[in-house]
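Requesting a structural model of the entry that follows:
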Amino acid sequence: MPEMARRDLAPEELSALGGIVGNAHVLAAGDDLEAYAKDWTRDLAHVPAAVVKPRTTGEVSRLLAFCDGRRIPVTPQGGRTGMSGEPSPSSAASRCRSSG
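The predicted structure follows:
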């Protein structure tokens, strides 16, 4: 499968994401995104265009369907405690962070 290039999200896309998970669970400001740019490797930082925090499996399903339909790359992310850079969205536009 070809890699999807990173792109910024349009205001209407951010609004639609807020409609899925609630606006309080969509981060798009630069300061809010820095913490999600890397794991414990610290040298592999890639700031995402947005961070979306779904709380239910239904929200995850709707979020992924929305992103797939618009070819918005998603990088699932947990606690960012790894040392491999795996949760780093080098080419992804948004992140789907699991709660917990």
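
Show me where the chain has its strands.
For the chain, the strands defined by DSSP state E cover 26-27, 50-52, 74-77, 94-97.

tell me the mean pLDDT over the third one?
Per-residue pLDDT values over strand 74-77 give a mean of 80.

Repeat that for the shortest one.
Strand 26-27 shows a mean pLDDT of 93.

What are the contacting residues of it?
Strand 26-27 is contacted from outside by Leu14, Leu17, Gly18, Leu33, Tyr36, Ala50, Val51, Val52, Lys53, using Cβ atoms under 8 Å, 6 or more residues apart in numbering. Every C-beta, even on glycine, is put in place using the N, C-alpha and C of the backbone.

Let's see that with 6 Å instead.
Leu17, Gly18, Val51, Val52 (Cβ atoms under 6 Å, 6 or more residues apart in numbering).

so what strands line up beside it?
Within its sheet, strand 26-27 is paired with strand 50-52 (antiparallel), according to DSSP bridges.

Number of residues surrounding Pro76?
The number of residues packed near Pro76 is 14, by other Cβ atoms under 10 Å.

Relative to Cys67, how far out is it?
As judged by Cβ to Cβ, to the nearest Å, Pro76 and Cys67 stand 11 Å apart.
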